[in-house]
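Engineer: Quick one: sequence plus predicted model below, questions after.
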Amino acid sequence: MDVKRKVDIIRVNPQDWPNGTPVQKEEDPELGYDIIPAERYTSEAFMRLEWERVWTKVWLLGGRSDDLKEPGDYICTEIGRESVLIVRQADGSVRAFPNVCLHRGNKLRPEGIGNVEKFQCMYHHWTYDLGGAITRIPDLDTFPQGCPPGAALPNYPCEEWGSFVWFSLDPDAGPLADFLDPMQRHIAPYHAERMAWTRDITVEWDCNWKASVDAFNETYHVQGIHPQLQWYLDDVNVQIDCYERHNRYLIPFAAISPRVALPSAIPPAIYDIMVKAGMDPAEYEGRVSDIRRDVQLFKRKHGPAQGKDYSALNDDQLTDDYHYMIFPNISLNVHSDDIMMFRQRPHATDPNKMYYDIWMFELVPDGEEWPERPKHQRFKHRDKSIGQVLDQDAFNLPTVQKGMHSDAFKGLWIGDQELRIRHFHKVIDDYIYGPAGKGPDDI
Ligand SMILES: [Fe+2]
């Protein structure tokens with residue numbers, strides 16, 4: 001079929017919404033049509049380049065500010081070979097430092113969240129304060145060389161933005177705001193700080209971390225692996241925007257894909273959207289193609305009475321999926337009532353493995369009590385379901401990774417619907433190869 005066929009998706013006019021999330025279509029970058037070498041997904045040498053020039057240079061998402069409410073609250077998170085402690089200080093600031101005892105290299109805390117008065121190594125009881133300074137070394141007089149230099153763990157740059165806490169392994173990382181730009185203006189209108197944790201899961205996947213980023217950066221796969229979503233969203237009239245580092249697409253939800261015939265009855269998934277908005281689908285008299293617009297109008301009108309302040313969001317955002325990729329590893333599905341976020345982390349040593357973090361947050365209506373934070377779960381791919389759609393997304397990734405090793409497969413053959421994948425690799429190139437660009441022998 002001609003996937004460029006337009007249907008009557010009503011999009012917000014940029015002039016009508018000058019101060020909210022930008023909606024204008026950016027001009028597509030010209031990134032050519034070369035294959036993207038498979039070795040980027042399989043080679044240990046490329047993995048090392050990524051570590052040296054990407055992971056240790058960018059800002060990284062460490063966790064959520066509401067896990068750091070009180071002084072001594074900490075998040076212990078891992079990225080590649082590093083483990084990092086992010087800690088709320090007595091003065092309300094946050095600091096990050098390596099999760100490693102300077103004595104014999106033991107980890108101070110296991111991965112997870114918690115609260116401490118001090119960090120004490122379980123081995124010889126070297127002790128550190130909330131900022132990483134050494135406060136006690138048993139039998140210090142038996143170390144004629146004294147304390148390790150500075151008597152403290154080095155601090156990493158660490159900042160909060162948008163109810164999330166970020167760190168960088170690069171002591172010279174510039175301000176977080178410069179790195180995130182222009183994401184703040186795009187995402188702030190959703191007020192993530194009004195949303196509570198509802199899911200916190202880590203799944204071990206047998207694929208390169210980029211295969212997972214790619215899997216969420218295009219809607220070309222919807223017709224193949226999520227056929228049921230064609231009666232839920234429009235996978236064709238998708239606006240793609242590439243920025244300096246980050247990119248996004250905008251997918252109309254509560255809509256029918258032009259790849260399938262318009263049904264006469266309300267499809268179950270759209271029925272659920274209506275119910276969630278507070279509408280009664282049994283009373284609905286409009287056409288199926290009018291539902292998206294009518295849900296938007298209904299939420300605009302009834303949101304305030306439901307304790308939901310949508311005033312910073314445009315009409316499209318009341319139904320649609322604005323999907324962001326914050327370089328290098330955050331996939332963010334932002335919706336008016338929830339945020340579904342994926343953090344894709346590389347394995348420490350194996351380019352064929354990764355960690356896929358699923359973080360879900362839901363809007364808590366004004367005056368309602370916040371739900372209890374869910375406990376973190378961790379398991380291997382296929383040991384448990386992560387929901388039908390995400391199971392479908394995950395299904396092919398191990399076989400994609402195996403196929404990448406074939407001599408017959410030279411690289412990814414990327415189409416226009418997958419422009420964000422090409423842009424993602426271009427940004428990786430910018431970090432790895434610098435302004436001179438890729439040389440003939442680079443992958
Ligand atoms: Fe998908």
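Structural biologist: Received the coordinates, thanks. Please read all numbers here as calculations on a predicted model, not as lab measurements.
Engineer: C-alpha only now, for contacts and for neighbours.
Structural biologist: Will do.
Engineer: which residues of the protein fall in helices?
Structural biologist: Ranges of helices within the chain are 39-42, 44-50, 176-180, 183-187, 209-215, 222-225, 268-277, 291-302, 388-395, 397-403, 419-433, based on DSSP state H.
Engineer: Just the buried residues of the longest one, please?
Structural biologist: Neighbour counts using 16 or more other CA atoms under 10 Å place 419-433 of helix 419-433 among the buried residues.
Engineer: Next: stretch 47-64.
Structural biologist: Result for stretch 47-64 [16+ other CA under 10 Å]: buried residues 47, 50-51, 53-64.
Engineer: just those now: which is nearest residue 178?
Structural biologist: Using CA to CA, residue 59 comes nearest to residue 178 of the buried residues of stretch 47-64, at 10.1 Å.
Engineer: Residue 174 is in contact with that closest one, correct?
Structural biologist: No - between residue 59 and residue 174 there is no contact, the gap being 9.0 Å when judged by CA atoms under 8 Å.
Engineer: Could you report the neighbour count for residue 15?
Structural biologist: Using other CA atoms under 10 Å, the number of residues around residue 15 comes to 10.
Engineer: gap between it and residue 23?
Structural biologist: Going from residue 15 to residue 23 by CA to CA, to the nearest Å gives 9 Å.
Engineer: before we move on, what about residue 165?
Structural biologist: The spacing between residue 165 and residue 23, counted by CA to CA, is 26 Å.
Engineer: And for residue 437?
Structural biologist: Distance, residue 437 to residue 23, by CA to CA: 31 Å.
Engineer: same check, this time on residue 280
Structural biologist: Distance of residue 280 to residue 23, computed by CA to CA: 30 Å.
Engineer: more neighbours, the two?
Structural biologist: It is residue 23, of residue 280 and residue 23, that has more neighbours when counted by other CA under 10 Å, with 21 against 12.
Engineer: which ones are touching the residue lying closest to residue 41 once chain neighbours are set aside?
Structural biologist: Of all residues not flanking residue 41 in the chain, residue 208 sits nearest, at 5.6 Å (CA to CA, 6 or more residues apart in numbering). Residues near residue 208 by CA atoms under 8 Å, 6 or more residues apart in numbering: 41, 42, 346, 351, 352, 353, 354, 401.
Engineer: Next, give me the two most distant ones among the residues you listed.
Structural biologist: Greatest spatial distance in the contacts of residue 208: 346 and 401, 13.7 Å, computed using CA to CA.
Engineer: residue contacts, residue 355?
Structural biologist: 202, 203, 204, 205, 209, 344, 345, 346, 347.
Engineer: Spatially nearest residue to the last one (excluding sequence neighbours)?
Structural biologist: Yep, that's residue 347 we're talking about. In this structure, residue 347 finds its nearest non-sequential neighbour in residue 354, 4.8 Å apart by CA to CA, 6+ apart.
Engineer: doesn't residue 343 make contact with the one you found?
Structural biologist: No - Residue 354 is beyond contact range of residue 343, at 10.4 Å (criterion: CA under 8 Å).
Engineer: Could you double-check that residue 430 lies in contact with residue 437?
Structural biologist: Yes - Residue 430 lies in contact with residue 437 (CA under 8 Å); the separation is 6.7 Å.
Engineer: Perfect, I'm done here.
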